[in-house]
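J.: no sequence on hand, only this structure:
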């Protein structure tokens, strides 16, 4: 979830836990340590990640990617995840909206 060989940091774990708590209105949210960062899961489907540096990324589709790009976000490597702007992370309503869409995208990709 971070750069190759990156180690899991306290910042990553703390931010993932805080994100999971903030997203409880959209369902059962869990986190799992993965590749130096944390995966964030809704109903068992990974839809977000917190990298080893503590940055948050959410799953995108061709339809939702434009919202992230318009906000100045960049992709997480070659994965279909884009950075979540700080303005979204600090606005509860926007965060829930973006996370709901990311979860729907992730569920559709696994169907």
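T.: Everything's here; your move. Quick caveat, the model's predicted, so the values are computed rather than measured.

J.: phi, psi of the residue nearest to the spatial centre of the chain?
T.: The geometric centre of the chain, computed from its C-alpha atoms, lies nearest to residue 48 (Cα atoms, centre = their mean), at 2.4 Å. Dihedral pair for residue 48: phi -150, psi 170, per degrees, to the nearest 10.

J.: show me the beta-bridge partners of it.
T.: Under DSSP bridges, the beta-bridge partners of residue 48 are residue 40, residue 58.

J.: pretty sure it contacts residue 100?
T.: No. Applying Cβ atoms under 8 Å as the test, residue 48 and residue 100 come out as separate, 11.3 Å apart. C-beta coordinates here come from the backbone N, C-alpha and C atoms, glycine included.

J.: re earlier: check what pLDDT the residue nearest to the centre of the chain gets.
T.: Looking at residue 48, its pLDDT stands at 97.

J.: can you pull the contacts of it?
T.: By Cβ atoms under 8 Å, 6 or more residues apart in numbering, the contact set of residue 48 is 19, 39-40, 56-59, 81, 84, 99, 102.

J.: now do 6 Å
T.: Each residue near residue 48 by Cβ atoms under 6 Å, 6 or more residues apart in numbering is listed here: 40, 58, 102.

J.: stretch 84-95: end-to-end distance?
T.: 9 Å (Cα to Cα, to the nearest Å).

J.: now stretch 62-73
T.: Note: stretch 62-73 ends 14 Å apart using Cα to Cα.
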